[in-house]
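S.K.: A predicted structure for the sequence below; I have some questions about it.
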Amino acid sequence: MQRRRLLAGVVAAGAAIVLAACGSSNSSSPTTAGGSSTGSTDKGTVRISGQNFTEAEIVADMYAAVLQKAGYTPDVHLVDTRDVYMNLVPKKIDVVPEYTGSIVEFLNGTYNGANAKPITVSDPQKTIDKAKPLLDKKGITLLNPSAATDTNAFFVTKKYSDDNNVHTLSDLKGKSVVLAAAPDCQGRLDCSGGLSSAYGIHITKILPLGYASPQTYKSVIDGESQLGETSTTDGTLASQGLVLLPDDKQIQPAQNLVPMVSTSFLQAHPDVADPLNALMGKLTTDDLTQLNAEVSVDRQKPEDVAQKWLSDMGLI
């Protein structure tokens, strides 16, 4: 399996880097990602992208393994933000591990404007159905959503929580905080925009240190920032003396994991759907939380964690 980690600070520069990488042949040599393929015919390369954080890396490794078993050669390129790979889909990227609410509202904002009324609902399939005109316009297809969910979430230190009687995001109303978060957090309704408008939190500064990154954890632990961005399946918080603040005003959209596939690629290779749908059918929220902890706390390699789970589930 060919794999490179590509970091992008800004969309334009990041897109140029990924474009160059996708056309390069100097990635590491292909390695086994789940045993032999099911047939002797090489079905060609499948280009997989996604965001560069632990959970997305694990799921991308799962995609690569099940597609390699199906006869494809996976080429994985992870980047910092959704904006980067969405500039390359569908022509330069074939498959991406996505989240229903995030991708649908990204497209909603892209085509209908930043102030567009949200179209995400609690049922992931109904969300996908409502978003079909946007998906068609972009040239992408969302396959079967998983029961596994993961939403953006925010954390503080346990000490800050205790000292300031802060146990939900609403408890931060009127407080001034520095936020450590993903580079694309500014203004987003599920990030700084919603924290300010829905919760009345005064965000004095956003430090673009990454989504659930070691730098974000350290910033909050050291007191450089008071609030950090992570996910609801983060299994590392308790071990670091950090606590999640529940989203009691529910500003986060439903976020079921879902494979996003270039429609033209899917039409040319319809057999990619079955292994990805089978994977989504078995993955649970508890699985995600456990797998994240095995990587972030136990320091196992994402590909090893992905391989073992897939093997245990009989998917490779």
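M.R.: Now that the structure is in, tell me what you want to look at. Just so it is clear, the model here is predicted, and its values are computed rather than measured. Residues are numbered from 1 along each chain as shown.

S.K.: how far is stretch 97-104 from where the chain is centred?
M.R.: Here stretch 97-104 is found 8 Å from its chain centre; the criterion is CA atoms, centre = their mean, to the nearest Å.

S.K.: before we move on, what about stretch 174-184?
M.R.: Here stretch 174-184 is found 19 Å from its chain centre; the criterion is CA atoms, centre = their mean.

S.K.: what mean pLDDT would you report for that stretch?
M.R.: Stretch 174-184 shows a mean pLDDT of 95.

S.K.: Check the separation of the first and last residues in that stretch.
M.R.: Distances were taken as CA to CA, to the nearest Å; on that basis the terminal residues of stretch 174-184 are 24 Å apart.

S.K.: residues of it that come out buried?
M.R.: Judged by neighbour count (16 or more other CB atoms under 10 Å), stretch 174-184 contains these buried residues: Val177, Val178, Leu179, Ala180, Ala181, Ala182, Pro183, Asp184. The C-beta positions use only the backbone N, C-alpha and C, and glycine is treated the same way.

S.K.: Could you dump those into a markdown table with distance to Gln240 and secondary structure added?
M.R.: Putting those into a markdown table (distance: CB to CB, whole Å; DSSP: H, G, I helix; E, B strand; the rest coil) gives the following:
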| residue | distance to Gln240 | secondary structure |
| --- | --- | --- |
| Val177 | 18 | strand |
| Val178 | 18 | strand |
| Leu179 | 18 | strand |
| Ala180 | 13 | strand |
| Ala181 | 17 | coil |
| Ala182 | 19 | coil |
| Pro183 | 22 | coil |
| Asp184 | 24 | coil |
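
S.K.: Which one of these is nearest to Leu315?
M.R.: Minimum separation from Leu315 among the buried residues of stretch 174-184 (CB to CB) is found for Ala182, which lies at 29.9 Å.

S.K.: give the contact list for the residue nearest to the closest one when sequence neighbours are not counted.
M.R.: With CB to CB, 6 or more residues apart in numbering as the measure, Tyr211 is the residue that lies nearest to Ala182, at 4.0 Å, once sequence neighbours are left out. Applying CB atoms under 8 Å, 6 or more residues apart in numbering, we find Tyr211 in contact with Gln51, Phe53, Ala181, Ala182, Glu229, Thr230, Ser231.

S.K.: For Tyr211, give its distance to Asn165.
M.R.: Spatial separation of Tyr211 from Asn165 under the definition CB to CB, to the nearest Å is 27 Å.
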